Structure formats: structure tokens, C-alpha cells
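[1] here is a sequence with its predicted model. Questions after.
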Amino acid sequence: WLASAVLNVRLQYGKETKEERARLDKAERFFYGAFHQADERLAHLMQLSVQDQLAWFIPNRGRACGRALLVKDEDGTAYVDITPWDPLNFYWSVGRRGLVWACHKIRRTVAEVEAEYGIDLKGSIKSSSNGEPEIEVYDWYDGRVNGVIADGRWLKEPTLHSSARERVPVFVSVVGPTPLIQGRKLSNRNAQADYGDSIFRTNRDIYPKLDFLISTMLHLAALARNRAYAITSRDGGKGLDANPYVEGAEVKLAEGEKLDLLPLLETGRDLNELVRFVTGEIQRGSLPFISYGELSFAISGYAVKLLNQGIDTPLAPQNKCMESSYRQISGLLMDQFALGSYGEMELSGLNRNRQWFQETMTPEDLKGVGLPQVKIKVLTPQDDAGKMQLAQLARQPGAQGQPFLPDVYLRDQYLEIEDVDLISDQINEQLSESILPEARLMSLLISCLERGRMDLALIYGKELEKLQFLQQAGPLNQGPPV
């Protein structure tokens, strides 16, 4: 659900003029372009996109972290580096203004480290299970510098990074809503273990019970397939040379010997009911089975919709954590780019309306725009149709013949269109082609010329000249009133 959700970045309109609204729209496209460029970089590194990685770390780890930096390439070209980290290997320290330092540990092969940093690593390097030597690499940041350490040496000397205001270029988000609760002693670290737990927290003690019940049922099924038997013989030492449950098996018994099947083992009659009860508790603590398309019996579409609303309860904390991560990433990138040390950046991607753009961004485009609002939404076609109906209903005239809400507000707040002024200009342009007859003929004439239909263009050209002549000569040709 989180990986397939729609990312919405918005800078709210206030009392801004048309030029200021266009500047806010361009600033929104900066964030979409930055996220797209970061995903392209990760794809070249054979990694998943930022959203896909966060969609795994947040539900499973209960936290999200990573770095968000603008980096200059060797030729001076700036690019966006957004790299999510595994919270399991993340270390940090918090002060009164936030992060003081942050460090990420990752295990890499010696060949990868030598190829990236150009350093010959010799000495006592541990070997992995496949025999290839590997090493632990520590990527460390504070408010001013970044350094990389491995095997007790600097792979990258402490270097000034691009973050502004001595800000650690790292984002950290925690899944709620349980706050950080400390025990009576600070040495009690169980508070951190329970802070930002995964989506499996509620059912962690229930899964072993379900496993035990299912294993019991599997064991009974195996006993029913190969039942226990008893052989009666004179000295009690009689055995079978072959498995009697194999198809076509031949069992040889002497006179006075007998083979008897032992009764099947049975559990209590409430086993199936207990399994249903446990699986029901699992649904209450996680996603309901209907979210996977499973329906135990036929129900109405309205009932299915009501059941689907229960998915929001376990996903809401995960959703907020992802929104917080993207909001922090947006703030970090905006502060770094507004410094002006990276100059212009050519960015492209899909905007809020899922339309492609390619644009040159400058630091002046982000100055004074404020921190954007980020929303993660799981949308369906019914949601789009519902928003359109609400917008049309709010636009209907009221008691005095005036619309209840203006078009600019409806397109921005209800339909969440990115460039509202552009849509308004396009609508006005469309109206201008149809209101006046000569404008309509001119549009048809231009279309025929662009399509190479000179025959039709000649006809519309003559009709346009005739219409213009009649409009100019109309008052002179008026006859006497009838």
C-alpha cells in the first residue's frame, strides 16, 4: 500500500498574486524533480526507489532514516542524493536542536570499497560465508562535515557537506502513536526497543500460537495418511518388509499373525473454532484478509467498502511516518539548494497531476516559499470521481445566483491541480475559440494548414473573408424597416 501510494507535495496558496502562485508551482516541481532524480540514481545503483525502500523499512522496522544531500560531481554538476538507511544499523545523538551527529553502518566487500574510494585495503579483513573478504563501513555526519571510516582508517577524510545552518543532512522518523516512555533508570533500554515498533508488534505473541495450532493440524493429517498399526505374532518380533500404505503393497502374514490399524488420534472439537478465533485476532492487529482480495462469503459492495475502511487504522501511523520522512527530505534539500553554491539544476519528473515536465531551477525559485506539505495517499478511480462531483456541487449557484466557492479554490483544494492559473488560461483559450464565429473559423483554418489540408483551408479562408466583409458592410446594407 505504501509503495503504490501517490506522493503529493503542495505549497498552499494564500493571498498570492498570479505571478507568486506560478512561483509556488515551480517550487513544487523542484521537489518532484529532486525525488525523480534521486530515484534515477538509485536505479543506476541497482537499488529500489526511495518510496519503495521506505515502504519496507517503516512497517518492518518501525522507523525511517537516511541521508538527503545535494552533491557535486567531478565535473561540477550537482545531483540529488537521497539514500534510505536500514534503521537496524543506524546510530545517532540528539541535542536541543535535533540531531548532533548520525552514523550508518553497512557491510561491504573489500572489492566494492576499493573500487569506490580508490584505497588498497590490506590486513585482517573478515571473510564472508562465500569466502569473499568483507568489511564494515561507517558513514558519519555531523552539522558540518562527513567522513567515512573502515578498518580503523579514513576512506573519506572529514569533508564539509552542503547542509545549511550546521544541520545534519539526515532524516529520522518514527512510527507512532506511542511516545518514548522511560523507566525509572536511564540504563533501562527497553523504552527504545518499544519506541517506533513495527506493524507486527500487536500480533507478535499471537503468531506462535497460530503456528502451534497449524502444526498440530498438519501432524494429525500426516497420521491420517500413514496410520499407526499393530502386528500380532507368536513371539512379538514380527515386522513388515514394506510400507503397507504404498499403493499395491503386499503384506505377508503367517498363520495366527494379524495386522490391526490403531485408532486415529483426535483433538478437541473446538480446534477449528480456536483457529478461526486466532486468525480473527491477527486480522484485528494487522491488515484484514479482505485487503488481499479474500472473501469468505458473498457480501454487498457497500459492505466491502466498509470493511476496506478498517485498513486505515493499522496503516495511518505508517503513512504519517513516510510523510514526515519526505517532509524532512524536502526541508534539507530546500535549505541546501537555497544557499546558491550549486547554481542552476536541470530537473524533470512527474508533477502532482502525473504530467511530465523538464525545467531549469535556480536558488531564487525557492527563497521564501516555506516548507511544503507532503501527503501520501492511496487513491482509486472512485476517489477521483468523488472529488470531481464535490467540486461540481460546490460550484453550483447559491441563493443569490453566485457560486458557493470560487474556481481557483476548488481546483486547488478539491481537485489538487498543481498549476491552477495554467488550467484557467487553457479554459479561457478554449472559450475564446468558440464564442466568436470568426475565432472559430480562424482556429479551423489554422488546424487545416497544420495538417496540410490546403483544400479545406481554402474553403475556411473564403468563409472567414466573407464573414469579415459582411460584418464591416453590415450597417451600410441595411434596408428599410419592415
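    Good, I have the coordinates. Numbers count the residues shown, from 1 in each chain.

[2] can we go C-alpha only for contacts and neighbour counts from here?
    Will do.

[3] pretty sure residue 67 is in contact with residue 171, am I right?
    Yes - checked against Cα atoms under 8 Å, the pair residue 67 and residue 171 is within contact range at 6.2 Å.

[4] out of the two, which sits in the more crowded spot?
    With other Cα atoms under 10 Å as the criterion, residue 67 and residue 171 differ in neighbour count, and residue 171 comes out ahead with 24 against 20.

[5] quick one: the more buried one is in a strand?
    Yes - Residue 171: assigned to a strand according to DSSP: H, G, I helix; E, B strand; the rest coil.

[6] can you give me the strands in this protein?
    Remark: strands of the chain, listed N- to C-terminal, are 6-10, 63-72, 78-85, 90-95, 98-109, 134-142, 145-150, 153-160, 170-174, 229-232, 258-261, 345-350, 356-361, 373-377; assignment by DSSP state E.

[7] for those strands, which one sits closest to residue 450?
    Comparing the strands of the chain against residue 450 with Cα to Cα, the closest turns out to be strand 356-361 (24.7 Å).

[8] quick one: strands adjacent to the closest one?
    For strand 356-361, the paired strands and their directions (DSSP bridges) are strand 345-350 (antiparallel).

[9] to the chain's geometric centre, what's the distance from the partner strand?
    19 Å (Cα atoms, centre = their mean, to the nearest Å).

[10] before we move on, what about stretch 448-464?
    Here stretch 448-464 shows a centroid-to-chain-centroid distance of 50 Å under the convention Cα atoms, centre = their mean.

[11] how about it: buried residues?
    Applying a neighbour-count criterion of 16 or more other Cα atoms under 10 Å, the buried positions in stretch 448-464 are 448, 457, 460-461, 463-464.

[12] need the residues you listed in TSV with distance to residue 141, can you?
    What follows is the buried residues of stretch 448-464, written out as TSV (distance: Cα to Cα, whole Å):
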residue	distance to residue 141
448	62
457	67
460	69
461	70
463	73
464	70
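
[13] going by distance to residue 150, which of those residues wins?
    The shortest distance between residue 150 and any of the buried residues of stretch 448-464, using Cα to Cα, involves residue 448 and amounts to 68.7 Å.

[14] how close does that closest one sit to residue 459?
    In this structure, residue 448 and residue 459 are 10 Å apart, going by Cα to Cα, to the nearest Å.

[15] touching stretch 36-56 from outside, list them.
    Counting by Cα atoms under 8 Å, 6 or more residues apart in numbering, stretch 36-56 makes contact with 2-3, 35, 64, 79-84, 322, 347-350, all of which sit outside it.

[16] about what we covered before: save the strands of the chain as JSON lines, and put in mean pLDDT too.
    Output for the strands of the chain, formatted as JSON lines (pLDDT from 0 to 100):
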{"stretch": "strand 6-10", "mean pLDDT": "86"}
{"stretch": "strand 63-72", "mean pLDDT": "93"}
{"stretch": "strand 78-85", "mean pLDDT": "94"}
{"stretch": "strand 90-95", "mean pLDDT": "92"}
{"stretch": "strand 98-109", "mean pLDDT": "92"}
{"stretch": "strand 134-142", "mean pLDDT": "92"}
{"stretch": "strand 145-150", "mean pLDDT": "92"}
{"stretch": "strand 153-160", "mean pLDDT": "90"}
{"stretch": "strand 170-174", "mean pLDDT": "95"}
{"stretch": "strand 229-232", "mean pLDDT": "84"}
{"stretch": "strand 258-261", "mean pLDDT": "82"}
{"stretch": "strand 345-350", "mean pLDDT": "84"}
{"stretch": "strand 356-361", "mean pLDDT": "85"}
{"stretch": "strand 373-377", "mean pLDDT": "86"}
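
[17] out of those, indicate the one that is most buried.
    Among those, ranked by average contacts under mean count of other Cα atoms under 10 Å, first place goes to strand 170-174 (a mean of 23).

[18] run the angle between that strand and strand 98-109 for me.
    Going by axes from the mean of the first three to the mean of the last three Cα atoms, to 10 degrees, strand 170-174 is angled at 100 degrees with respect to strand 98-109.

[19] from the buried residues of stretch 448-464, which land in helices?
    In helices, defined here by DSSP state H, the members of these are 448, 457, 460-461, 463-464.

[20] of those, closest to residue 241?
    When those are compared for distance to residue 241 (Cα to Cα), residue 448 comes out closest, at 92.4 Å.

[21] which non-adjacent residue is nearest the closest one?
    Distances taken as Cα to Cα, 6 or more residues apart in numbering put residue 457 closest to residue 448, at 5.3 Å, once the chain neighbours are dropped.

[22] quick one: residues contacting that neighbour.
    Neighbours of residue 457 in contact, by Cα under 8 Å, 6+ apart: 444-446, 448-449.

[23] again with residue 29
    Shown here is residue 29, whose contacts under the criterion Cα under 8 Å, 6+ apart are residue 351.

[24] now do the contacts for residue 136.
    Residues in contact with residue 136, defined by Cα under 8 Å, 6+ apart, are 105-108, 150-151.

[25] now distance to residue 217 too, for the residues you listed, in JSON lines please.
    Output for the contacts of residue 136, formatted as JSON lines (distance: Cα to Cα, whole Å):
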{"residue": "105", "distance to residue 217": "44"}
{"residue": "106", "distance to residue 217": "42"}
{"residue": "107", "distance to residue 217": "42"}
{"residue": "108", "distance to residue 217": "44"}
{"residue": "150", "distance to residue 217": "51"}
{"residue": "151", "distance to residue 217": "52"}
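
[26] so where's the stretch 101-250 of the chain uncertain?
    Regions of the stretch 101-250 of the chain meeting the criterion pLDDT under 70 cover residues 122-132, 164-165, 183, 185-191.

[27] would you map the helices across it?
    Counting by DSSP state H, counting those that start in this stretch, the segments of the stretch 101-250 of the chain that form helices are 110-117, 190-194, 207-225.

[28] now those as a markdown table including distance to residue 271?
    Rendered in a markdown table, the data for those read as follows (distance: least, Cα to Cα, whole Å):
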| stretch | distance to residue 271 |
| --- | --- |
| helix 110-117 | 54 |
| helix 190-194 | 33 |
| helix 207-225 | 8 |
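
[29] turn those helices into TSV, columns for distance to residue 257 and mean neighbour count.
    What follows is the helices of the stretch 101-250 of the chain, written out as TSV (distance: least, Cα to Cα, whole Å; neighbours: other Cα atoms under 10 Å):
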stretch	distance to residue 257	mean neighbour count
helix 110-117	70	14
helix 190-194	64	13
helix 207-225	24	13
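
[30] out of the ones you listed, flag the one nearest residue 181.
    Scanning the helices of the stretch 101-250 of the chain with Cα to Cα as the criterion, the closest one proves to be helix 190-194, at 5.6 Å.
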